[in-house]
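In: Sequence below, structure please.
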Amino acid sequence: MTVLFLFVALGFVATAVIGLLACGLDRKVTARVQYRVGPPLWQPFIDMAKLLGKENLIPAGASQITFFAAPLVGLAAVTLVSTILWLNSIHPARGFGGDLIVALYLLSIPSISLMMGGFASGNPYASLGASREMKAILSYELPFVLAIIVPVIKSGYAIRLGTITRFQLQQGLTAGNLSGLLAFIVAVLCVQAKLGLVPFDVAEAEAEINSGPLIEYSGASLAVYRLMKSMLFFVLPFFLIMLFLGGAHSGGWPRCALKYIGLVALITVIRNTNPRLRIDQTVKFFWGPVTLTAAIAVLLALAGV
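Out: The predicted structure is shown next:
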């Protein structure tokens, strides 16, 4: 199985299909919570096809190259991370040294691409949304990295995803003890913010700033951004499953699928049971209790708890 096949068939196609289905499931569950029937499960595919058929408009004052390149940069980063995760799940021995660090770096690029697109569009609402996205990423990246350090410590300071998953297969799940559980809770909250979902959807708040960085996007460019976010809806939970819940090697692919569905359900519950936070509340929340909890988890992991 070549890396090119993994990149195209699994990193892009399979991830896109699973991500879009997960978004459809999220919308269906949200509708049921609100006592509505909701759209069909395949509605995200219909929306994607509809956007691809629409005209791609360019704002008069936009920086055209950056405006068009921003969504492609974000999509490419998500596809690369997905390929790394699939490779380590199917052939752990073929992973490379430091792939965890590379994945962490690439997972920050989708948020950066939103900022690029927002600032390049020349719209004040888009610039405000991009500014909020910048503040949000500065707030949740620190606790997210601290949470990821916990499985690194527990696996003997390994920075290869395959080594971390194999360690859990031999010694038990990272989330099965106190330090790992605290780090897992922090990571889930940070993933909620990375996905831009309530209560941390301050950058794209429709009722306040009309979708923020995406306000000027239409047609294929908007479709690429929507696809990027849908793929993240698979990549980020899958990333946590590998680090904290043993990945596909702990119980096989059927159990891995159940873990993924459980995480998606948890993200949906958080989304539907909390009000949107203001940007200052978001920053205080992540720099305060969330970072403190992540630091405690790291200290406990260093102490062997």
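In: Name the residues of the particular helix or strand that has Ala301 in it that are buried.
Out: With secondary structure defined by DSSP states H and E, Ala301 is part of helix 291-302. Using 16 or more other CB atoms under 10 Å as the test for burial, helix 291-302 gives Thr291, Thr293, Ala294, Ala295, Ile296, Ala297, Val298, Leu300, Ala301. All C-beta spots, glycine's among them, are computed from the backbone N, C-alpha and C.
In: What ranges does the chain have for its helices?
Out: Applying DSSP state H to the chain gives helices spanning 3-5, 15-33, 43-52, 64-90, 99-107, 109-121, 124-154, 161-171, 178-194, 206-209, 219-244, 252-272, 279-285, 291-302.
In: export these to a markdown table and tack on distance to Phe200 and mean pLDDT?
Out: Putting the helices of the chain into a markdown table (distance: least, CB to CB, whole Å; pLDDT from 0 to 100) gives the following:
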| stretch | distance to Phe200 | mean pLDDT |
| --- | --- | --- |
| helix 3-5 | 34 | 77 |
| helix 15-33 | 15 | 92 |
| helix 43-52 | 21 | 94 |
| helix 64-90 | 18 | 94 |
| helix 99-107 | 16 | 96 |
| helix 109-121 | 12 | 95 |
| helix 124-154 | 7 | 95 |
| helix 161-171 | 26 | 91 |
| helix 178-194 | 4 | 97 |
| helix 206-209 | 14 | 70 |
| helix 219-244 | 13 | 96 |
| helix 252-272 | 9 | 92 |
| helix 279-285 | 6 | 95 |
| helix 291-302 | 15 | 97 |
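In: Stretch 59-75: which residues count as buried?
Out: Pro59, Ala62, Ser63, Phe67, Phe68, Ala69, Ala70, Pro71, Val73, Gly74, Leu75.
In: Equivalent analysis for stretch 269-286, please.
Out: Ile270, Arg271, Leu277, Ile279, Thr282, Val283, Phe285, Phe286.
In: again with stretch 117-124
Out: Those would be Gly117, Gly118, Phe119, Ala120, Ser121, Asn123, for stretch 117-124 by 16+ other CB under 10 Å.
In: Please tell me how far that stretch is from the chain's geometric centre.
Out: 23 Å (CA atoms, centre = their mean, to the nearest Å).
In: Now flag whichever of the buried residues of helix 291-302 is closest to Thr174.
Out: Ala301 (9.1 Å; CB to CB).
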